[in-house]
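> this one's sequence-less:
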């Protein structure tokens, strides 16, 4: 009967070691996943900032145009050009 207890104790130790290794692997994967999310958020912020800069440049350009220039640019966006 003691050999059975010794065998079970050995299996428990092996299962505990396997569980610890699995936990470490999963923790590493979770850390890498969170780092990827942070990187994606940073890149989205950079793209958003660049879009805001371009929007500001376009707004400044439009503000400096005269009335006739604005009408000409507006007509490029109208659907009824051929009418």
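Structure received. Not measured: the values here are computed from a predicted model.
> so where's the chain uncertain?
Low-confidence segments of the chain (pLDDT under 70): 1-5, 80-83.
> that one: helices as residue ranges?
For the chain, the helices defined by DSSP state H occupy 2-64, 67-77.
> tell me, how many residues neighbour residue 51?
10 (other CB atoms under 10 Å). C-beta: built from backbone N, CA, C; applies to glycine.
> what distance do you get for it to residue 65?
21 Å (CB to CB, to the nearest Å).
> what of residue 27?
Noted for residue 27: a distance of 58 Å to residue 65, by CB to CB.
> same deal with residue 23?
Separation of residue 23 from residue 65 (CB to CB) stands at 63 Å.
> equivalent analysis for residue 18, please.
Distance of residue 18 to residue 65, computed by CB to CB: 71 Å.
> what's the answer for residue 9, then?
Taking CB to CB, one finds residue 9 at 84 Å from residue 65.
> same question, residue 39
Counting by CB to CB, the gap from residue 39 to residue 65 is 40 Å.
> also residue 74?
Residue 74 is 10 Å from residue 65, by CB to CB.
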